[in-house]
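Engineer: pasted the sequence and its predicted model underneath.
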Amino acid sequence: MTSSKSLQKRNIKSYFEEISSFDLFYQLTYMSATAAAGISRSRVFQLARSLPCSPAKYFESIHDVAENLRYNYPDAVRLVGGQTQSEQTKTFLLRLSDALRSGEPLAPFLAREAEVQGEQYANDYLRRLESLKKWNDAYTAVTVSIALIVIINMVSTMIYNLGTTTMLLMTLVAIGGGFGVAWVLYRSAPPEVKCVPLKLGSEDQRRSRQLFFICIPLAIVACLVLIVLQLNTGWIMIAAGLFTLPIGWVSRRADQQTSNKDMEISAFLRSIGGTATSRGTTLKDALASIKLDSFPALQGDIHMLDLRLKAFGKPPLCWNTFGVETGSKLADQSVGVFHEAVNLGGDPEKAGNLTSAFALKTAMLRAQRRGVSGTFVWLTVVMHTILAALMVFLLGVLEQFAARMAEATAALNEGASASATLGLGEMFSFSAPQIQFLSTLTVAMIVILTLINAFAIVGSEGAHLIKMTLYTSMLFILSGVCFLIVPPMAMAII
């Protein structure tokens, strides 16, 4: 009894983590596919506890309670379900307990629950997608406000010296607001992991990781050298963008390949499962009879899987390697569930249909997200370019204004005494240090806005954070071009 109470306390302490609807969808898909293989109830729970996702810990506790404390499974499921903080998981476990107590077959129950959870996941995803649209609009408005704060700082300096402390505080407020909204945008988006770890993924994913550790140090060194040589700020930003562009380009290509494989993995699993069942053959023989040109994005990965299986490699290792090397987390999860179910003796066609439904629903929802984020990406890039050009233009105007003020002051011998007599004090008190401070502030603000905008774009897309280098390089290059062409335009106008 004491052991039961201590187990309850440990479970209550560890169950405050919210389980996403996708994790529960994945867990139920796995359990329904393995249960359809006709294995025992205890085996289903034993396999469920080893799945690498958040809900697996509940089934680990259920299995421990049933095996170690000698509870029957309906009571063990109800005990754990009653202590669960995640509402979706709690209601599912309580329904599972009632189904087990009534003697309902486990496989049909789990298949039905997986289908229902899939609909719930889709509804939750679409609801978050609507929220993401609103936060995209909010971030656009906040970005304009951030630029306006800097512009107000610069224009106010033409009239009155606000002091460096006041300008720094206003700038920090702008930066904090921009990053805060970008973080909320990132958190309000549907939570998902598209890629496997880069060092284990596809060739482009591994290459992007290698380029990151090469190009980023080179970019830093190159920028420091250009700063020491006192080159124009525009050339420094362009150099930073050019050095990070290879990482971004490869990561963009890897992300596109991942999206294409997400769309094709569903059809592949249906095809190989149906072929294996209709011909009464193994997955290895079924794979050899499939035309690979039906799956252009997965063609190279399927070919390598076929070669490994023909080389008499261990099938579980071959299939696991295939899933990881696609670079797609969804493909890895779907392939893992499919092969596990077939390996347990399940019908390949039924396992293929279950995992195909899981992969197809997820891929279609992610395609809708790409449609939402596509507009936001280019809007942010264009808006950043315009705001950066405006800030650089005002900086050029201020430099010309300071030069004209210095000439006018030098021409009037009694200018200083006249200003004092009129009580103007620090009005029109332009100086070289002020211009230098404003120049530094403008450059820093554009750099910080570049990083925040890149983070917001990746948060909206749901891509791996390494794809930030693509948008960072684009925004750096565009900002550098503004520093090169806008100041001469300002001089020509004034």
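Structural biologist: That came in fine, so what should we check first? This is a predicted model, so every value here is computed, not measured.
Engineer: and the gap between A219 and K310?
Structural biologist: 45 Å (C-beta to C-beta, to the nearest Å). Quick note: C-beta positions are derived from backbone N, CA and C, even for glycine.
Engineer: likewise A76?
Structural biologist: From A76 over to K310 the distance is 45 Å, taken as C-beta to C-beta.
Engineer: need the contact list for F45.
Structural biologist: Contacts for F45 (C-beta atoms under 8 Å, 6 or more residues apart in numbering) come out as F59, I62, H63, A66, Y73.
Engineer: which of those has the most neighbours?
Structural biologist: I62 (24 neighbours; other C-beta atoms under 10 Å).
Engineer: so which strand or helix has that residue?
Structural biologist: Using DSSP states H and E, I62 sits within helix 56-68.
Engineer: figure out how far that helix is from the centre of its chain.
Structural biologist: 32 Å (C-alpha atoms, centre = their mean, to the nearest Å).
Engineer: could I get the average pLDDT for that helix?
Structural biologist: Taken as a whole, helix 56-68 has a mean pLDDT of 87.
Engineer: of A76 and K310, which one has the most company?
Structural biologist: Remark: of A76 and K310, A76 carries more neighbours, 23 against 12, as counted by other C-beta under 10 Å.
Engineer: am I right that that one is in contact with R70?
Structural biologist: No - contact criterion C-beta atoms under 8 Å: A76 and R70 do not qualify, at 9.6 Å.
Engineer: just after the helix holding I62, pick out the following helix or strand.
Structural biologist: helix 73-82.
Engineer: what packs against that following helix?
Structural biologist: In terms of contacts (3 or more C-beta pairs under 8 Å, 6 or more residues apart in numbering; DSSP states H and E), helix 73-82 is packed against helix 41-48, helix 56-68, helix 87-102.
Engineer: if we go to 10 Å?
Structural biologist: helix 2-14, helix 41-48, helix 56-68, helix 87-102 (3 or more C-beta pairs under 10 Å, 6 or more residues apart in numbering; DSSP states H and E).
Engineer: which residues of the stretch 301-450 of the chain score low on pLDDT?
Structural biologist: Applying pLDDT under 70 to the stretch 301-450 of the chain flags the ranges 401-433.
Engineer: now do the phi/psi pair for the residue nearest in space to the middle of the chain.
Structural biologist: Nearest to the centroid of the C-alpha atoms of the chain, with distances taken as C-alpha atoms, centre = their mean, sits G462, at 3.4 Å. With angles defined as degrees, to the nearest 10, G462 sits at phi 80, psi 20.
Engineer: check S328 too.
Structural biologist: Backbone torsions of S328, given as degrees, to the nearest 10, read phi -100, psi 130.
Engineer: run a quick neighbour tally on it.
Structural biologist: S328: 32 neighbours (other C-beta under 10 Å).
Engineer: relative to V250, which of the helices and strands packed on helix 73-82 is closest?
Structural biologist: Nearest to V250, of all those, is helix 56-68, at 33.7 Å by C-beta to C-beta.
Engineer: any idea of the angle that closest one forms with helix 73-82?
Structural biologist: If you take axes from the mean of the first three to the mean of the last three C-alpha atoms, to 10 degrees, helix 56-68 sits at 140 degrees to helix 73-82.
Engineer: am I right that T375 is in contact with K133?
Structural biologist: Yes - in this structure T375 lies within contact range of K133 using C-beta atoms under 10 Å: 9.5 Å.
Engineer: quick one: common contacting residues for those two?
Structural biologist: Common neighbours of T375 and K133 (criterion: C-beta atoms under 10 Å, 6 or more residues apart in numbering): S460.
Engineer: so for the two, which residue has more residues nearby?
Structural biologist: K133 (15 against 12).
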